[in-house]
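Q: What follows is a predicted structure for the sequence shown.
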Amino acid sequence: MALFPGWQAPDFAAETNAGPIHFHTWLQGSWGIVITHPADYDLDSLRRAVAWALGRTQPVRLLGLSPRRDNDSPHGPGFTMVTAQDANRVARVWQGVMQDIGDIVPATPMAERTVYVVDPDLTIRTTLSHPPARGRHFTDIIQATEALGLEDIPLRPIRAA
């Protein structure tokens with residue numbers, strides 16, 4: 001089943017380049033950005049995303065669900081990636097919209113890539129989907145995350161009277 005904004009982010013346990021994690025515990029009241037295919041993003045852009053995430057007053061944690069294949073990853077503090085042995089299992093839990101289209105079969109297969117922005121309450125706040133492409137930049141993700149009011153924690157919807 002696909003994941004949508006407003007839903008609780010699914011929990012999982014996995015081995016990562018930073019050691020074993022349980023997602024909900026690992027997020028620890030921080031914002032989270034979960035990227036299904038970090039290899040689509042330019043390596044320099046990912047390094048700048050790490051610097052942005054580490055420089056926030058409200059912590060932001062970055063998680064890649066599929067390991068980069070080029071062995072040139074933004075390893076180190078600030079960017080955690082699920083290891084290859086756990087990547088498929090975890091990715092099945094974090095399915096995108098294409099998994100939930102029912103009986104509609106596209107003429108050509110589509111490989112959806114999705115980025116999830118998760119708030120400190122473990123709620124998916126927004127998703128950004130894109131087709132496979134190399135050399136993507138992280139700018140759109142940063143802008144979407146900041147538009148959610150990253151500094152105003154916790155965010156609560158305003159209801160009209």
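A: Structure's in. What do you need?
Q: which residue is nearest the middle of the chain?
A: Val34 (1.2 Å; C-alpha atoms, centre = their mean).
Q: Does that one touch Val93 like I think?
A: No. At 10.5 Å, Val34 does not count as touching Val93 under the criterion of C-beta atoms under 8 Å. All C-beta atoms are positioned from the backbone trio N, CA, C, and that covers glycine.
Q: residue ranges of the helices in the protein, please?
A: Ranges of helices in the chain, per DSSP state H, are 23-27, 43-54, 84-93, 139-147.
Q: Switch these over to TSV; also include mean pLDDT, distance to Leu65 and mean neighbour count.
A: TSV is the format used below for the helices of the chain (pLDDT from 0 to 100; distance: least, C-beta to C-beta, whole Å; neighbours: other C-beta atoms under 10 Å):
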stretch	mean pLDDT	distance to Leu65	mean neighbour count
helix 23-27	96	11	18
helix 43-54	90	14	17
helix 84-93	85	5	14
helix 139-147	89	14	15
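Q: now the ones you listed in a markdown table, with distance to Val60?
A: Below are the helices of the chain laid out as a markdown table (distance: least, C-beta to C-beta, whole Å):
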| stretch | distance to Val60 |
| --- | --- |
| helix 23-27 | 10 |
| helix 43-54 | 4 |
| helix 84-93 | 20 |
| helix 139-147 | 7 |
